[in-house]
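# Predicted model follows, preceded by the sequence.
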Amino acid sequence: MPDVDGPELYGRAQLLESRPRPRFVFVTGDVLGRGTAGFLERTSAPRVSKPFSPEDLARAVLEASA
């Protein structure tokens, strides 16, 4: 995303969303970075790591929809 990263987009959505957790699925290739790992743990949103299969993505979307 050219103007905003995932954590910033998630923060903006939380401000607008009345649910306890916005419906997000994060796709990342950086699961080992300290900042990324901490952010993903705090959000508890479903995520898929690159490379991923269509089945991995489908599972994450179903989890986010629950």
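Structure received. Numbers count the residues shown, from 1 in each chain.
# Is the residue nearest in space to the middle of the chain bridged to anything, and to what?
By Cα atoms, centre = their mean, the chain has its centre lying nearest to residue 26, at 2.7 Å. For residue 26, the beta-bridge partners under DSSP bridges are residue 47.
# now the strands for the protein?
Assigned strands in the chain, in chain order: 26-28, 47-49 (criterion: DSSP state E).
# and residue 10, which of those strands is closest to it?
strand 26-28 (8.1 Å; Cβ to Cβ). C-beta: built from backbone N, CA, C; applies to glycine.
# and that closest one, how far from the chain's centre?
Relative to its chain's centre, strand 26-28 lies at 6 Å (Cα atoms, centre = their mean, to the nearest Å).
# re the thing from before, lowest mean pLDDT across the strands of the chain, which one is that?
Ranked by mean pLDDT, the strands of the chain bottom out at strand 26-28, which scores a mean of 87.
# and it, what does it pack onto?
The elements that strand 26-28 packs onto, with contact taken as 3 or more Cβ pairs under 8 Å, 6 or more residues apart in numbering; DSSP states H and E, are helix 34-43, strand 47-49.
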